[in-house]
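# The amino acid sequence is not available; the structure is as follows:
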């Protein structure tokens, strides 16, 4: 059974940085496409960043491109999201998930599953 446990969220001032972690079990990160998603109050879940299985190719939402970096530690089965230059509009619950078997539609949450419980990120002064 695939499970993700996110951590690292918190309160940060605009312009600040945070690094989120996602501990994975039941899969290998080198064999699965995985991604970070977020959901703000009253809004739909949206894709933030994804990374493919073997090549490790990354895809980012336009809203975070140049500010966020997705990475993985395949040995320790941990996915990371380094977030810099944070803005109030980045406030959301952040989740990680894996692509449904046989599919890869980056940033489309409809094609991802095994959602973790999420970690809250609040950007406010």
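Yep, that arrived. Worth saying up front: this structure is predicted, and the values here are computed from it rather than measured.
# quick one: contacts for the most centrally placed residue in the chain?
For the chain, residue 36 is the residue whose C-alpha lies nearest the centre (Cα atoms, centre = their mean; 1.7 Å). For residue 36, the contacting residues are 20, 22, 47-50, 70, 79, 81, 94-96, by Cβ atoms under 8 Å, 6 or more residues apart in numbering. Using the backbone N, CA and C atoms, a C-beta is placed for each residue, glycine as well.
# again with residue 8
Contacts of residue 8 (Cβ under 8 Å, 6+ apart): 18-21, 119.
# and what of residue 7?
Counting by Cβ under 8 Å, 6+ apart, residue 7 makes contact with 20-23, 119.
# Tell me the most packed of those, by neighbour count.
When neighbours are counted by other Cβ atoms under 10 Å, residue 22 leads the contacts of residue 7 with 26 neighbours.
# pLDDT wise, what is it at?
On pLDDT, residue 22 comes in at 97.
# Run me through the strand neighbours of the helix or strand hosting it, direction for each.
Applying DSSP states H and E as the criterion places residue 22 in strand 18-25. As defined by DSSP bridges, the strand partners of strand 18-25 come to strand 3-7 (antiparallel), strand 78-83 (antiparallel).
# Can you name the residues in contact with that strand?
When contacts are defined by Cβ under 8 Å, 6+ apart, strand 18-25 is touched by residues 2-10, 12, 34, 36, 77-83, 86, 94, 96, 98, 116, 119, 121.
# and the closest residue to residue 16 other than its chain neighbours, how many residues sit next to it?
Once flanking residues are discounted, residue 16 sits nearest to residue 86: 5.3 Å by Cβ to Cβ, 6 or more residues apart in numbering. When neighbours are counted by other Cβ under 10 Å, residue 86 registers 22.
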